[in-house]
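Novice: Sharing a sequence plus its predicted fold:
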Amino acid sequence: MCGIVGYVGNKEVTPVLINGLKKLEYRGYDSAGIAVFGADSKEIVVRKAKGALKFLEEKITKEVIKESQGIHLGIGHTRWATHGEPSDLNAHPHTNESGSIVVVHNGIVENYAKLKSYLQAKGVVFRSQTDTEVIAHLINYFYESTKDIFKAVLETLHRLEGSYALGVLCKDYPDRLIAARKESPLIVGLGNGENLIASDVPAVLEYTRDVYFLNQKEVAVLYTDHVDLFTEDGDKVVREPYHVDWDLSSAEKGGYAHFMLKEIHEQPKALTDTLRPRLVHENGKATDIKFDEFDFGDEWKNAERVVITACGTAYHAGVVGKYAFEKFARIPVEVDVASEFRYRNPILKKNDIFIVISQSGETADTLAALRLAKAAGAKVIAITNCVGSTVSREADEVIYTWAGPEIAVASTKAYTTQLMCLYLLALKMGQIRGELKKDEYEKLLAQIEMIPQKAQEIMENQAEIQKFASQQFNKSKIFYIGRQFDSATSLESALKLKEVSYMHCEAFSAGELKHGPIALVDKDTLVIAIATEPELYEKLASNIVEVKSRGAVTMAITLDKQGAFKESCNTVITLPECEPALASMISVIPAQLFAYYCSVQRGNDPDKPRNLAKSVTVE
Ligand code: F6R
């Protein structure tokens, strides 16, 4: 997704903008650009380039950008194409015809065609194919009549349909930067003698830890020494900034070759951070689960159904959640991908518990599902990793995954910590509904407490997976199979491999193999079975024999230590001993590592897979 940065202050602005854009590279982009006030503060210089940031940097020489001697002011953007191909021309910033009004934008202007025709009929000439350009012309249109940039921006915002995070500069106002947001995320960083805007916190952390997460339809005007917040109607807003307490180093690679590998390795800590504050101990023994964020009221006891909605990896966490709620709390669960849920006129009931899961808290479809559920009167619980995100602000209750910033596009530690939150909810629900007796509940709590340590043990044995990846990275077809919890883990394992290795990979419930997919199996096929449920080992082993006899190479990721898969599998990755019903939090880790190593073997960049964006803030 697009990334926005903006700066007003005393430092030379160009390096600040480039530095900020680098911190947002993880969001995915295909072109980049900046706009800064020139030496005499009378003109705004724009430079843009298709491709990586280095191409933009090549275009920014001291000769072309002579910065102002006073206030330094500028905006920058990394673009992820929606309207119009990736090109220098379509890259942001976009300007009005004279170049006096400059805009960067993240989101989609849904009514841009109508606005464009209106402006064209008035003689405005458009240069790019983007929806964003219409914003610059529209601001100019209102500026001509109001001669007040703030009013012109507000007038424009009132006419935009769709989503936007915006940074706006105007030649006549060399002292300020205007920002606004609806749907797409935008933060304001409050520095000392400098203020910034950005799409995400890592871009401002070098300068400040105090930020405003702009609310829906909020506008900010930034000067060097202060920031004013307004509603889109121009009413002043006053509120306390949020203090970010995580470290910049947690958003840097710290010695690992890639963020993805670092984040896989951070899972033991992330799981501990997510679990520990929620466990109640008595005499050193875990006896209960509590969430500081909310009480388990009667609605949890009396609920008739749990409905879970999310996208991608977060959806797969929801599928594991379904098995967990049904097993521990004996409550029916429906899981749906948010993009389907929102359009199928879903049936929601008063006694439903509605859970949305979103790492970023900004996914457009998940947000739409959340709003739909709220409008239908359901109580919405959000599981998210991003404090201040739109999901966290709009849900009735929020449960944070304390995974720390996830920079690699492919989600790893956010997924396992989402699972941790879902397991905790399912266990607690099981207890309050009388499905889990005290002994059983405490036994499971003791087991869940050991999960981070088990995750650590897998990291220590990763060489075996690395070796297997080095032998298999050229396979043309890969299938993950599993049953029950493991079929959910298979979905996520297959997605991870597809995303970063670009190998064709699918997941099937093992029992479905015979109903069609086995027709694909031949000697170019790799089949990976996930097997953590002892009572199903035998059935799974016979599925593996079926594919092996048709030429497939086979691997099992299993808790089994008795050799159930020795005969049928070429390689067996044995997981550390753990309660099978909780094993989903660790059985995915070898699959994450396998995906990572295949990606590296194939010469890909696992942190920035092609065509993917970290945060999908458009439909
Ligand atoms: C895959 C991945 C995506 C996200 C999906 C939802 O590795 O990261 O499938 O899970 O785009 O994103 P969030 O969780 O931010 O709503």
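Specialist: Yep, it's here.
Novice: which SS class is the residue of the stretch 151-300 of the chain at minimum distance from the ligand?
Specialist: Closest to the ligand within the stretch 151-300 of the chain is Met260: 9.6 Å, counting by CB to the nearest ligand atom. All C-beta spots, glycine's among them, are computed from the backbone N, C-alpha and C. With DSSP: H, G, I helix; E, B strand; the rest coil as the basis, the three-state label of Met260 is helix.
Novice: Now the closest residue in space to it that isn't next to it in sequence: which helix or strand?
Specialist: Distances taken as CB to CB, 6 or more residues apart in numbering place Ala408 nearest to Met260, at 3.8 Å, with adjacent residues excluded. Per DSSP states H and E: Ala408 is located in neither a helix nor a strand.
Novice: Distance-wise, check Ala408 relative to the ligand.
Specialist: 8 Å (CB to the nearest ligand atom, to the nearest Å).
Novice: Looks like that residue contacts Lys253 (just checking).
Specialist: No. Judged on CB atoms under 8 Å, Ala408 makes no contact with Lys253 at a distance of 10.0 Å.
Novice: Pull the contacting residues for the residue nearest the centre of the chain.
Specialist: With distances taken as CA atoms, centre = their mean, Ser360 lies nearest the centre of the chain, 3.8 Å away. With contacts defined as CB atoms under 8 Å, 6 or more residues apart in numbering, Ser360 is in contact with Pro185, Thr384, Asn385, Cys386, Ser389, Lys614, Ser615.
Novice: Take those and write them to JSON lines, including neighbour count and distance to the ligand.
Specialist: Compiled in JSON lines, the contacts of Ser360 are given as follows (neighbours: other CB atoms under 10 Å; distance: CB to the nearest ligand atom, whole Å):
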{"residue": "Pro185", "neighbour count": "26", "distance to the ligand": "11"}
{"residue": "Thr384", "neighbour count": "28", "distance to the ligand": "8"}
{"residue": "Asn385", "neighbour count": "27", "distance to the ligand": "8"}
{"residue": "Cys386", "neighbour count": "24", "distance to the ligand": "8"}
{"residue": "Ser389", "neighbour count": "25", "distance to the ligand": "9"}
{"residue": "Lys614", "neighbour count": "25", "distance to the ligand": "7"}
{"residue": "Ser615", "neighbour count": "27", "distance to the ligand": "6"}
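Novice: Which two of those have the greatest separation?
Specialist: Of all pairs drawn from these, the one with the largest separation by CB to CB is Thr384 and Lys614; the distance is 14.1 Å.
Novice: residue contacts, the residue of the chain at minimum distance from the ligand?
Specialist: Of all residues in the chain, Gly312 sits closest to the ligand, at 1.9 Å by CB to the nearest ligand atom. Contact analysis of Gly312 by CB under 8 Å, 6+ apart lists Ser411, Leu495, Val616.
Novice: And what about the last one, helix, strand or coil?
Specialist: Per three-state DSSP, the secondary structure class of Val616 is coil.
Novice: For the spatially closest residue to it that is not a sequence neighbour, give me phi and psi.
Specialist: Leaving out its chain neighbours, the residue that sits closest to Val616 by CB to CB, 6+ apart is Thr363, at 5.3 Å. With angles defined as degrees, to the nearest 10, Thr363 sits at phi -60, psi 130.
Novice: Thr363 reaches Tyr315, doesn't it?
Specialist: No. In terms of CB under 8 Å, Thr363 does not count as a neighbour of Tyr315; the distance is 10.2 Å.
Novice: out of those two, which sits in the busier spot?
Specialist: Thr363 (30 against 25; other CB atoms under 10 Å).
Novice: roughly how far apart are that one and Ser31?
Specialist: Here the distance between Thr363 and Ser31 works out to 23 Å (CB to CB, to the nearest Å).
Novice: where does the stretch 351-500 of the chain have low pLDDT?
Specialist: Within the stretch 351-500 of the chain, no stretch has pLDDT under 70.
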